[in-house]
Every structure is written in structure tokens, then in C-alpha cells.
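A.B. asks: using only what follows, build the 3D model:
(chains A and B)
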Amino acid sequence: MSEVVWVDTRQMSFENSIRHKLLRLSEAAGIIEDLLESMQVAVKINTAEEGYEYGLRPNFIQVFTEVMEEKTLKCPLICDGQRLVDYWRKARGNTFLKTAGARGYSKETLGGLFLLNGGFSGDEGDLYPCGSTESELGGVEVGAAVCRADALRVLSHVTLHPLFGINGALLNSGFECLSGRARTRVLQGLSPYIFNGSRPGRDQVNGFQRRALESCFGVRTAVEERIFYVNYLWDVTPQPEYYPFSEGPVAENIGFLASNDPVALDGATWALITKQNPAIEEMVGVDVPGLIRTAADMGLGSAEWSIRQIS
Amino acid sequence: MADYKCEPTKWVEMSQPVDGGRDTYQTKSWHPPKENWGPFTTSGTAPVWFAEANATNWTESMICKAKDLFYEAKLNECFDKGDEVAIKIHYGEWNRTAILRPEYIAAIVEEVKACGGNPYVVNDTTLSYHIFNSMAYSHYQKAGATRHGYTDATFGCPVVVADGFAGEDDYRVDIPDGLILKETYIGRAVAEADAMIVLAHARGHAITMYGGALKQLGIGCQSKRGKYITHLAHWGDPHDAIGWPKFTDQCPGKACKFHQMCDDSCPRGAHHVVEHGKVWDPSKCRLCYSCQVTCIFSGMTGITFEENYFPNAMIAHADAALGALKCFEKGKVGYINHAIDVVPECDCFPWAGLAICADVGLFAGKDLVAVEMATLDAIDKMAISPGSVAEEKGCKPGDDKFQMVNGFSPRITMAAAEKIGLGGQKYELINYEPVLSPESAARWQVRGAGGEKGKATTLRLRETFHRNDLATEVQPFRRTDYNKEWVFSEWKKYDPFSK
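C.D. replies: Reported below is the predicted structural model:
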């Protein structure tokens, strides 16, 4: 059983603002515990597409980058990879940075340099094995900003996801850390968008989910298992950040969860948001509890968790 | 140099050339040259616009003149509306001071945007160059760029490292017409741009003797792989020291106080110090310059360059520039050379020497070689700056300054560049002098700062002063009573030149 630490959003006060809560979460969950002086930390975040209006506020990220820098004495690198679909005909390194900049993501606001994982083209990276002989992918190309780091912190804006059910620690620490070319290979022709309501077949979705989970092994190998995960249950929209629009959140802002186990973290996250709004299960059209069990069976973590609430 | 005991460098002889995986790499990354690439002028003289480095009124600001030259030289015609326009600059090494001020870059970015282009500023990563290099990794390079004031905010557009996080995001480009190189590797952010405006800092360079617009293409647009090939890595035999460093047998080994720095300088561990010298394994060496430059920067002479290396590297970097130019259609690349802070060394040095001459001005055009020749000729005509290395080496106005300061004439590069079709050495210099008029004075004022183009900012202030008359609301000011005699004579007591 893995522990998930949860700081909720209740009882705000002068000394209990979001910033204070995130700092307490950092300490209670041990987000920087394994970091040592001089380590280069990559912080994987989700940046919003033009048109998506519920992107994570940069100061939510900065709270953690500050404590990381304090511990490592090195400015962390904040990164995200190019989007796969050229929705606005802007899927280029420069326009990606421009869009992130327009969302207020800069060195000053994030507390660390914001870089493209995978370079200008999105394809810069190295190949890492997925760890098992049963792996369909065999190996995946992990984006250069992630695979060249000494440690990885995965800060995920939790949203629903049309193929994976939930955008959280598992998707963001695996599939989302890959080079563009590798992500195309994981998708195998599936569109990451569903606009007209028609979903791809269950087999196709299951295949994608399994390959996306396999990707987590490649990323883990790349950073030698030095990973920690934070899920922001804040503005949980039906669309993930790469969508060029967003409907309103489907759950209240429940707070922030952290763990060193991505399976338990996503499992606990799903349990909390569906408890608050049971309609989410129907809305997403993906068997997320089944996905969590698959991830646990593959050895990515534990499908059993305990929540330690620290508010 | 102290009286050291130096033993000859011990070599680990190479049994065969280094075997790589080029065939696999090439198939993945080949970038076909544009069919209609080429220099803007193919025969005769090329026009080069020049604005001198001096100013006495609004229109003569160097920033205003840079904008004027952008249009005079028709660099605005290098791109169409909606084109992705790479603005190529040098981000400058950590602790470098003689770099282009951000305003020069912002000025051109503003005009590219005003003309409908989508600009982004680019530079590629470098090789290690020296032990404390900050440009080989993109995050170090961007940290240095930020320290120089090169940010999205100051430029008004994204600041991109062209060849990715570690310099591996590139395309291979064929250059069958190169004199030495037959292929090179260009950073993706350059190769994928629709057009490019090169904003070069014209100054010296330790390897290519001079660095201006051509070097921005020949080295600055090259990814790490491109820089290795341009450095001539593994060209010839290690004993010739062309494609490898030259070990002089003058290394004092552990007696050198920099010996640990020397060992640490190699990113591949190709050499290590022993009691009275070095052991070197050329098969591990990739000619990144790190050991040579670290040794030379330390004032030592153990690892250096073969004399003939330089002219060959100069020709090779002209070839590599051709590779960059071939990524663009003809007429899609424009150049501005900024002959300002004309220091002896490159912006990749972690310091800046005194300028060898006073600031010259700006040179703009679409013919790469012509712009370079006009810049070089003008720099050579300038008086020598006192205290500079040019004065130390006995330079006179009219001498080839960079040849005297750095060893070889940059005209070697230009002759090679002309031969392979980068442009022509003949140019017609068009001296641009802005005429002061109400229209020209207003032309480049406070756009982008919330101001209305061409409108006097004082008119906006009237509104504020109408509501709050800051001078009169606190009147009368407390001061000594006005005394005409005192006002006209008292100050002279404080003036050392007053009799």
C-alpha cells in the first residue's frame, strides 16, 4: 500500500494560503527529500494550448521550483513537449514557447528556465528500454530535457482525458515525457482529440493505454527512478490542456496530492474527484479504475493507497 | 614560462579511423536544400548600405538607423506575411561584455512583426570550447542570454536554442560544392524557418580571425554535429594536428598549476596529465577545442593548434555557411553587420578585450560576402584604438587589422566564400544619412511601449498635467532668494577652469 498526501483547499487564512498549503505538502510528502546539491532537476508540467483557459497558474509551480532550487542550489528546468496535432498551424518550437509565454509561463513566474522537451522539433531524445520482454514498444525515446536530468518532478494539472481517462501522474510521467516521434508511435494513429463525440474502439484505446503505461518505464530508467509526483486537483476540466478550448471544471477545487507512487496517486485522485462528482465516470468513457489496476499489474506502483490529509 | 621539466606527450596510437554510424543518422535527418537557393547577386557589384556609428539627433540613433537600413536594404522583402522568420544572433558566453545590446535585436524584431512576419531569435549550442563553457547546453546558454538581457520580454518574441536541449536537434544538409566540407548539420529552428535575418556583431575571432555575418552562418547556425565537421574533426592524421589538437611536448605535467583544469577540460576524457607531461588518446578526441583553449587561456603552451589549421578552418566555415544558406530560397536571408565594440575576439569568449578601433557603424544587404567585405574594409580604414592589442601589434590605419591581430587575413574566407557561391566580394557602399525632419524624427519613437506611432508623448502628458500640475501644486519651492549677481558669478568658484 502506498501513501498519498493530500492538502485540501479548506480554511484559507493569512497563514494558510495556497502557497502555504503547497509548502506544507512539499514537506509532508518529501517532494525534495531525494534531491542532493548540484542535481539538475527537470520539472515536467502541462502547458495550455491557445484557447484552453484553465491552465495551471504559474505560481502553483513556482512554490515547488523554489524549494527545489533551495535544496539543489541549482535552478530547475521546467519543460513540456510539443503538441502532436498542429491545430492552429503553430506546432513549432517558437510558437509553442510564444503560447506558453502568453499564458504567463516565463523564467520569472515559474522560477526556472522553461524549455522544450525534445528541442525545437520535439524529436530530440534518447532511447530507453521499457523494461519487460512483454513490452510492445520495446523502448521509447525520452525527450532530451527529461532524460538528461538527474531527477524528475512531475507536476500534473489533473483533467479528464479522452483516451487515458485522467491526465495525471501516469500520463504525464510517461507518454508526455517522450519525444514527438515516440508519442506518435505510442498513439499508433489514434487522434488525441475527440470533437464529434465518436470515440475510437475499445481495443484501440486499451492498446494506447498500455503503450502509454509502458512509456513510464522508459522515463524511469532515464532518470534512474528519481521521480516524484504532484497532482493538482484544481480546475479539473473535461478537456486536457492540449485542447484548443475548455469547458468549465467538472469538480470543485479539492486540493493537491503528492506521492512517490504514480499509480496510487492517480488512483486516489480519481477516487476523490468521482466521489465529489460521480457523473465524471460516465463523462469520461474510460475505465480508469481498470487502468489503475493494469498499471499496478505492470509493476508501476500500487493500486492500494492510504490518504494522509494534512490541512 | 617557468623552467619546467617537460616530457614528450605519450600517444595512444589509433589503429584505424573512428567508425561511426553516419549511414543510420543520415537516413533519419536529411534535409534537402532549397532548389532556388543562392546569393542575392550573381554578378557585378552588390549594394551594401552603411550608417555610421554616431548620433546627434532623434533620427541618428543607432536603433533608428538600424530600422532605416532594414528597409533601405529591403530586408523586409526577405519574408512574406505569415512567414516564420529566424533572427540569428550570438547569445554570448557567460561573463562576456562586448555583445550586441538587446535593443539592436528588439529593433529588428519590431520591424519584422510590423511587416507581418513571425520572428523568433535563435542561436545554436556550441561544443565545449573551454572548461567553463556555458553555451554547450541550452539551459546554460539561455541563462547566459538572460543575463545579457536577451529574453522574450526584451526582444518581444521567443528566444530559442536552434538545435535543441543538447544540440542534437538538427538536419544534415548536402554541400557537394564545398571546398572541404561536403555536408554539414544545421539546427532545426534555423533550417525550418521560412526566412532569416542575421544580426551579426562584427569583431575578431581566434579561429576564423574575424566574425561577422558569415560566421553566424558558418558556425552559429551549425548544430553540434555541424560544428564538429566544421572544426575539421578527424580530418587527416592526428600527427598533422589539423583534425586534432597539437600537443607540443611542452606540457610540464603536474608542475602546471592548471593541470587539473586541463584534465577536466575534455568532455570525453581523451587526455590526462602525468608527472612531466600528458598522455593523449586521439581516438577519443573530437576536436571541440576545449583542451586547447583551456591551455591557451591559462597562459600555457602544452596544447595548441597547428599553424595551417586556421586557414583550412576558415575555408571550412565558409563551406558550412553554404549549408545554412541552402536551407533558404534565394533572397530569403538578409544581413546586418554591427561594427560596434570591435574587439579582437569572439562573443564565445568569457571576457572582452579593448576594441581595436572606434565603433564604425551598421552594414546591411542581401549579399553575404559583399556585406562582410564592406565591413572589413571599413574596419581596416579606422584609426587604431589606444591601448588595444591592435596598437600593441603595430597596426596602422589601412592595415588588415584582423590579420595582424589574429594571424591570418579574413579575406581568405571571403575568397573561398565567393568561389562556392555565397556572394560577391565587389560591393557598392551606399552611405545612409537620415535627414532630420518632423516626420523622420517621429518615425521610430516609442512604438511598443504603449505610445502611438509618430505622436508626441507630450500631448499625452498634457492630460496628466491638466489634472495635476506637479510644479505649481507645491509652490513656492523652498530655496535661497533669487540674486542675479550670485547666479552669474557664484558657480565659478566651483569650476576648476574658471579664471
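A.B. asks: just the closest residue of the stretch 201-311 of chain A to chain B, please.
C.D. replies: residue A:222 (12.9 Å; CB to the nearest CB). Just so you know, the C-beta spots here come from the backbone N, C-alpha and C atoms, and that holds for glycine as well.
A.B. asks: wait, that residue sits on residue A:130?
C.D. replies: No - using CB atoms under 8 Å, residue A:222 is not in contact with residue A:130; the gap is 11.3 Å.
A.B. asks: just the strands from the stretch 151-300 of chain A, written as ranges.
C.D. replies: For the stretch 151-300 of chain A, the strands defined by DSSP state E, counting those that start in this stretch occupy A:151-157, A:159-161, A:165-167, A:227-233, A:255-259.
A.B. asks: could you give the bridge partners of residue A:155?
C.D. replies: residue A:230 (DSSP bridges).
A.B. asks: now for it: which residues touch it?
C.D. replies: Under the criterion of CB atoms under 8 Å, 6 or more residues apart in numbering or on different chains, the contact list for residue A:155 reads A:43-45, A:56, A:61, A:64, A:172, A:230, A:232.
A.B. asks: let's see 10 Å
C.D. replies: A:31, A:43-46, A:56, A:60-61, A:63-65, A:78, A:169, A:172, A:228-232, A:256, A:258 (CB atoms under 10 Å, 6 or more residues apart in numbering or on different chains).
A.B. asks: residue 44: neighbour count?
C.D. replies: Using chain A here. 26 (other CB atoms under 10 Å in any protein chain shown).
A.B. asks: meant chain B actually
C.D. replies: 9.
A.B. asks: list the contacts of it.
C.D. replies: With CB under 10 Å, 6+ apart, residue B:44 has these contacts: B:424, B:426-428.
A.B. asks: check residue A:8 too.
C.D. replies: A:21, A:233, A:253-257, A:272, A:309-311.
A.B. asks: between those residues, which has the most around it?
C.D. replies: Ranked by neighbour count under the definition other CB under 10 Å, the contacts of residue A:8 are headed by residue A:257 with 30 neighbours.
A.B. asks: which residues touch the nearest residue to it once chain neighbours are set aside?
C.D. replies: Among residues not flanking residue A:257 along the chain, residue A:231 sits closest, at 4.6 Å (CB to CB, 6 or more residues apart in numbering or on different chains). Applying CB under 10 Å, 6+ apart, we find residue A:231 in contact with A:4, A:6, A:154-158, A:166-169, A:172, A:254-259, A:262, A:265-266, A:268-270, A:272-273.
A.B. asks: one more pass at 6 Å, please.
C.D. replies: The contact partners of residue A:231, taken as CB atoms under 6 Å, 6 or more residues apart in numbering or on different chains, are A:156, A:158, A:168-169, A:257, A:265, A:269.
A.B. asks: hmm, back to that, do you know how far the spatially closest residue to the residue of the stretch 201-311 of chain A closest to chain B that is not a sequence neighbour is from residue B:287?
C.D. replies: In space, and not counting its chain neighbours, residue A:222 is closest to residue A:147: 3.9 Å by CB to CB, 6+ apart. Applying CB to CB, to the nearest Å, the value for residue A:147 to residue B:287 is 26 Å.
A.B. asks: repeat that for residue B:415.
C.D. replies: From residue B:415 to residue B:287 the distance is 24 Å (CB to CB).
A.B. asks: re the thing from before, could the strands of the stretch 151-300 of chain A go into TSV alongside mean pLDDT and distance to residue A:140?
C.D. replies: Formatted as TSV, the strands of the stretch 151-300 of chain A follow (pLDDT from 0 to 100; distance: least, CB to CB, whole Å):
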stretch	mean pLDDT	distance to residue A:140
strand A:151-157	98	14
strand A:159-161	97	19
strand A:165-167	97	18
strand A:227-233	98	15
strand A:255-259	98	23
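A.B. asks: who wins for proximity to residue B:420 among those?
C.D. replies: Using CB to CB as the measure, strand A:151-157 is the one of these that comes nearest residue B:420, at 45.9 Å.
A.B. asks: give me the pLDDT value at residue B:3.
C.D. replies: Residue B:3 is assigned a predicted lDDT (pLDDT) of 76.
A.B. asks: same thing with residue B:429?
C.D. replies: So, for residue B:429, pLDDT stands at 98.
A.B. asks: tell me who's in contact with residue A:250.
C.D. replies: The contact partners of residue A:250, by CB under 6 Å, 6+ apart, come to A:236, A:238, A:277, A:280.
A.B. asks: redo that, cut-off 10 Å
C.D. replies: Residues near residue A:250 by CB under 10 Å, 6+ apart: A:159-160, A:235-238, A:273-274, A:276-277, A:279-280, A:283-284.
A.B. asks: partners of the spatially closest residue to residue B:333 that is not a sequence neighbour in the sheet?
C.D. replies: Excluding its sequence neighbours, the residue lying closest to residue B:333 (CB to CB, 6+ apart) is residue B:196, at 4.8 Å. Counting by DSSP bridges, residue B:196 forms beta bridges with residue B:86, residue B:333.
A.B. asks: list the contacts for residue B:196?
C.D. replies: Going by CB under 10 Å, 6+ apart, residue B:196 touches B:78-79, B:84-88, B:122, B:190, B:216-217, B:221, B:324-325, B:327-328, B:332-335.
A.B. asks: now list the buried members of these.
C.D. replies: Those of those that meet the buried threshold are B:78-79, B:84-88, B:122, B:190, B:216-217, B:221, B:324-325, B:327-328, B:332-335, by 16 or more other CB atoms under 10 Å in any protein chain shown.
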